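**Student:** Please work out how this folds:
(6 chains)
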Number of protein chains: 4
Amino acid sequence: MASVPERLIDAATRLFAAKGFDRVAVQEIVDLAGVTKGAMYHYFGSKDDLLHEIYGSLLRMQTERLVGIADGSAPVAERLRAAAVDVVVTSVDNFDQARVYFRSADQLAEDKRREVRAERRRYHERFRSLVEEGQEAGVFRADVPADLTVHYFFGTVHHLGQWYSADGPLSAEQVGGHFADLLLGSLRPA
Amino acid sequence: MASVPERLIDAATRLFAAKGFDRVAVQEIVDLAGVTKGAMYHYFGSKDDLLHEIYGSLLRMQTERLVGIADGSAPVAERLRAAAVDVVVTSVDNFDQARVYFRSADQLAEDKRREVRAERRRYHERFRSLVEEGQEAGVFRADVPADLTVHYFFGTVHHLGQWYSADGPLSAEQVGGHFADLLLGSLRPA
Amino acid sequence: MASVPERLIDAATRLFAAKGFDRVAVQEIVDLAGVTKGAMYHYFGSKDDLLHEIYGSLLRMQTERLVGIADGSAPVAERLRAAAVDVVVTSVDNFDQARVYFRSADQLAEDKRREVRAERRRYHERFRSLVEEGQEAGVFRADVPADLTVHYFFGTVHHLGQWYSADGPLSAEQVGGHFADLLLGSLRPA
Amino acid sequence: MASVPERLIDAATRLFAAKGFDRVAVQEIVDLAGVTKGAMYHYFGSKDDLLHEIYGSLLRMQTERLVGIADGSAPVAERLRAAAVDVVVTSVDNFDQARVYFRSADQLAEDKRREVRAERRRYHERFRSLVEEGQEAGVFRADVPADLTVHYFFGTVHHLGQWYSADGPLSAEQVGGHFADLLLGSLRPA
DNA sequence: AATGAATGAGAGTTCATTCAT
DNA sequence: CATGAATGAACTCTCATTCAT
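**Tutor:** The predicted structure follows:
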């Protein structure tokens, strides 16, 4: 059986994903994890801590993978495509974690919020610089600001949590592929 | 001075947009509106009612406009572009309402949630049928499911609430234009 | 159509009987009566007033009838029997009013409560004096205090509201007859 | 000093008996018990729970005792008399509990109400079968339905709460004895 | 390492009553 | 006569967190 902190993180992830941070009572989390409140407060300083822990790890993992992909030597279009597919696939593979992030990122207390924002900005900027690289190389259209393009695509990814279901007809790879197609398509020079 | 229900809706819209439905106390709303709780419950059955009222009106308005645009006689690409610009512009023009909708749509109690979903689906489907029309006419690529394209674009629109600011460098029309460019670009046949 | 005060009394009677005084909102009463709150407060000083009005009239009526019966010239056993049947029958004939009285008599504010108690005592005492008359005449057993006998029988009557139903197998007259049989039976000298 | 749940039950019993369930605020209960609201909701799910707990225990106790008495081997008239005395005596010995039961039994929410009704029916039926046993044996009059006789007697018992006082001239045993005399007397064959 | 009783502040909601019109 | 908007106090219940054990 998993360790107590792991069980707590798992329980919290599932509940936050399903109902949203503010709608989940600490009591529900510890019940689902099969421990008591005292145990939770032994390992985590607060309910906020739990939230922070949850998407901190996803966010760090995705950032690492993005860097690995973006720093590669393939043509920029291929790297952008791979990055786009990857963020979709890892979000779906860790769907509960991702949904928590998509819906509850703003509910952290100030200090942790800053931390998350900084990480998120790193991700955004690395992604944007890929777009810019393509624009400078002349393979992507340059009449739409790269920043806007990144917002455009990330909105799409964040929205996954609202409609995607593992039981649906499309696998994560298929959705990622289609979304990458649309992104690359929209960047073709006119 | 505006009527009491209007003042309540305004206050609730501002607060829900800023902090999220669950983080706003009824007391804050009535304080900002300058009335008492009793007055609020005279006009609205619950805090939920207030929420429902807020984005119900935006959603209905956007649906109406979409239908007006989509039923026109212009070429399908032009109609889709106009619809895309319109949803961005009306979301920004009613930004607080839109942000409430983007972040709190799921927090309604069951019965009202169904109502909102039905309306949202209507919007989604009218938009999708525009994409399909273009696919059938051969002016849009058909290798990406229309449904997915619509999710793709709406994610983008929903995400506006997370980064757009009226103080930023881009007007609603500019953002709408760029987003429409990207959407139309991504739909060009390969 | 009945007058406004009458409609209010009727509505209140029905609702108080069904749910108990404290569980009925003034709003429900005026809705059922088809008037507004202002109208109610025009005719009645308070919700308490309505309650008082309701069983005041039943109580007065039953007291009058008791006096009429008890002051007759028939043998005391016949008069007691008639009185016993009468209180059952009039309670069932005005069942909602009676139920309000049975369950909500104690919920009045102090001054009206005193008034009701005084009337109730009058009833109790006239009934008791009938029992005593029979005891002195030697036709009723005297080893049980008359006072206790009256409590005994009135408990029975008050309890009607908890189980009697007009849809049941027994008419008011039948129940009254049986109860009178039991009362008279219990008073037979040993 | 008694445990917190016990103190809460005691406080609630006293207050419900004196003022009726709906007229007692949770705040009053916890103040009288010397604890906070949070503590109360730690032990009891709701105000209703408290009510249920209070007369649940009395009702179960009385049912057990009734069964013990009724299943004995004494002549049926003696067993009925003992049962009648017992319900009066135990009601007076636990007078606050009994008064809560007599006046507030109907104020429970649906599910608990059903439970209480079932227990009450068990009591009623065991008592009725005693009456029927005597009727079949020919020692009790059979021209009054046994069911009605039971309602008749229980009305009497329920009414105790409205007039009996420990400071009065009669002990619980005396009242029980007189009531039993009246009941047995009324059942003598004509 | 872990318990779970207890806190205390605040949540949303209800409601009898008042009063300007 | 009658309206219905508005009040304000009280209501039941929730919950993250603490702390003695």
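
**Student:** Domain boundaries for chain A, per the record?
**Tutor:** Listed domain ranges for chain A are A:1-45, A:48-187 (source: automatic domain parsing).

**Student:** Name the helix or strand for the residue of chain A found nearest chain D, please.
**Tutor:** At 11.0 Å from chain D, residue A:27 is the closest residue in chain A, using CB to the nearest CB. In this view, the C-beta of every residue, glycine as well, is placed from N, C-alpha and C. Using DSSP states H and E, residue A:27 sits in helix A:26-33.

**Student:** helix or strand for the closest residue to residue A:20 other than its chain neighbours, which one?
**Tutor:** Spatially, and ignoring its direct neighbours in sequence, residue A:20 is nearest to residue A:103 (5.8 Å; CB to CB, 6 or more residues apart in numbering or on different chains). Taking DSSP H and E as the criterion, residue A:103 maps to helix A:95-104.

**Student:** what angle do the helix ranked longest in chain A and helix A:95-104 make?
**Tutor:** Counting residues, the longest helix in chain A under DSSP state H turns out to be helix A:110-137. Angle, helix A:110-137 to helix A:95-104, by axes from the mean of the first three to the mean of the last three CA atoms, to 10 degrees: 100 degrees.

**Student:** So for helix A:110-137, what gets flagged as buried?
**Tutor:** Using 16 or more other CB atoms under 10 Å in any protein chain shown as the test for burial, helix A:110-137 gives A:112, A:116, A:119-120, A:123-124, A:126-128, A:130-135.

**Student:** So for the helix or strand that comes right after it, mean pLDDT?
**Tutor:** Note on helix A:110-137: by DSSP H and E, the next helix or strand toward the C-terminus is helix A:146-163. Mean pLDDT, helix A:146-163: 96.

**Student:** who does helix A:146-163 touch, helix- and strand-wise?
**Tutor:** Applying 3 or more CB pairs under 8 Å, 6 or more residues apart in numbering or on different chains; DSSP states H and E, we find helix A:146-163 packed against helix A:76-93, helix A:95-104, helix A:110-137, helix A:172-187, helix B:146-163, helix B:172-187.

**Student:** Determine the set of other helices and strands touching the shortest one.
**Tutor:** In other words, helix A:95-104. Looks like helix A:95-104 contacts helix A:4-19, helix A:47-70, helix A:76-93, helix A:146-163 (3+ CB pairs under 8 Å, 6+ apart).

**Student:** In CSV, list the ones you listed along with distance to residue C:96.
**Tutor:** Converted to CSV, those look like this (distance: least, CB to CB, whole Å):
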stretch, distance to residue C:96
helix A:4-19, 46
helix A:47-70, 52
helix A:76-93, 63
helix A:146-163, 53
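
**Student:** Flag every residue of chain A that's near chain B.
**Tutor:** For chain A, the contact set with chain B under CB under 8 Å from any CB of the partner chain comprises A:20, A:22-23, A:103, A:106-107, A:141, A:143-145, A:148-149, A:151-160, A:162-163, A:170, A:175, A:178-179, A:181-183, A:185-188, A:190.

**Student:** Separate out the buried members of those residues.
**Tutor:** Using 16+ other CB under 10 Å, the buried members of the residues of chain A next to chain B are A:20, A:103, A:107, A:141, A:144-145, A:148-149, A:151-160, A:162, A:170, A:175, A:178-179, A:181-183, A:185-187.

**Student:** what angle separates the longest helix of chain A from helix A:172-187?
**Tutor:** Using the same axes, to 10 degrees: helix A:110-137 against helix A:172-187 is 60 degrees.

**Student:** Check pLDDT for the buried residues of helix A:110-137 and point me to the minimum.
**Tutor:** residue A:112 (83).

**Student:** Report the contact partners of that residue.
**Tutor:** Residue A:112 makes contacts with A:48, A:52, as judged by CB atoms under 8 Å, 6 or more residues apart in numbering or on different chains.

**Student:** For the residue nearest the centre of chain A, which non-adjacent residue is spatially closest?
**Tutor:** The geometric centre of chain A, computed from its C-alpha atoms, lies nearest to residue A:98 (CA atoms, centre = their mean), at 5.1 Å. Excluding its sequence neighbours, the residue lying closest to residue A:98 (CB to CB, 6+ apart) is residue A:91, at 4.1 Å.

**Student:** if I read this right, the one you found contacts residue A:156, doesn't it?
**Tutor:** No: using CB atoms under 8 Å, residue A:91 is not in contact with residue A:156, being 10.7 Å away.

**Student:** For residue A:68, grab the count of nearby residues.
**Tutor:** 12 (other CB atoms under 10 Å in any protein chain shown).

**Student:** and it, what pLDDT?
**Tutor:** Listed pLDDT for residue A:68 reads 97.

**Student:** Can you pull the residues of chain A lying near DNA strand F?
**Tutor:** Neighbours of DNA strand F within chain A, by CB under 7 Å from any atom of the strand: A:24, A:25, A:26, A:27, A:37, A:38, A:41, A:46, A:47, A:48.

**Student:** ok, the fifth one touching residue A:27?
**Tutor:** Yes: counting by CB under 8 Å, residue A:37 does reach residue A:27; the two are 6.9 Å apart.

**Student:** Which one of the residues in chain A is closest to DNA strand E?
**Tutor:** For chain A, the residue closest to DNA strand E is residue A:38, as judged by CB to the nearest atom of the strand, at 1.6 Å.

**Student:** Could you check the pLDDT of that residue?
**Tutor:** Reported pLDDT for residue A:38: 90.

**Student:** any idea which element it lies in?
**Tutor:** According to DSSP H and E, residue A:38 maps onto helix A:37-43.

**Student:** Find the residue ranges of chain A scoring beneath the pLDDT cut-off.
**Tutor:** A:1 (pLDDT under 70).

**Student:** how about 80 then?
**Tutor:** By pLDDT under 80, the weakly predicted segments of chain A are A:1, A:105, A:190.

**Student:** quick revisit: residues touching the residue nearest to residue A:20, list them.
**Tutor:** A:17, A:20, A:21, A:161, B:103, B:106.

**Student:** Columns distance to residue A:61 on top of the helices and strands packed on helix A:146-163, output as TSV?
**Tutor:** TSV is the format used below for the helices and strands packed on helix A:146-163 (distance: least, CB to CB, whole Å):
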stretch	distance to residue A:61
helix A:76-93	7
helix A:95-104	9
helix A:110-137	11
helix A:172-187	15
helix B:146-163	21
helix B:172-187	28
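
**Student:** how far is the helix holding residue A:103 from where the chain is centred?
**Tutor:** Relative to its chain's centre, helix A:95-104 lies at 7 Å (CA atoms, centre = their mean, to the nearest Å).

**Student:** what angle do the longest helix of chain A and helix B:146-163 make?
**Tutor:** Interaxial angle, helix A:110-137 versus helix B:146-163 (the same axes, to 10 degrees): 120 degrees.

**Student:** Could you tell me the angle between helix A:110-137 and helix A:76-93?
**Tutor:** Using the same axes, to 10 degrees: helix A:110-137 against helix A:76-93 is 150 degrees.

**Student:** So which residues on chain A come close to DNA strand E?
**Tutor:** A:4, A:35, A:36, A:37, A:38, A:39, A:41, A:42, A:43.

**Student:** Correct me if wrong: residue A:170 contacts residue B:148.
**Tutor:** Yes: counting by CB under 8 Å, residue A:170 touches residue B:148, with 7.5 Å between them.

**Student:** Quickly list what's touching both of the two.
**Tutor:** Taking CB under 8 Å, 6+ apart as the criterion, residue A:170 and residue B:148 both touch residue A:178.

**Student:** Can you give me the neighbour number for residue A:108?
**Tutor:** So residue A:108, with other CB under 10 Å, has 19 neighbours.
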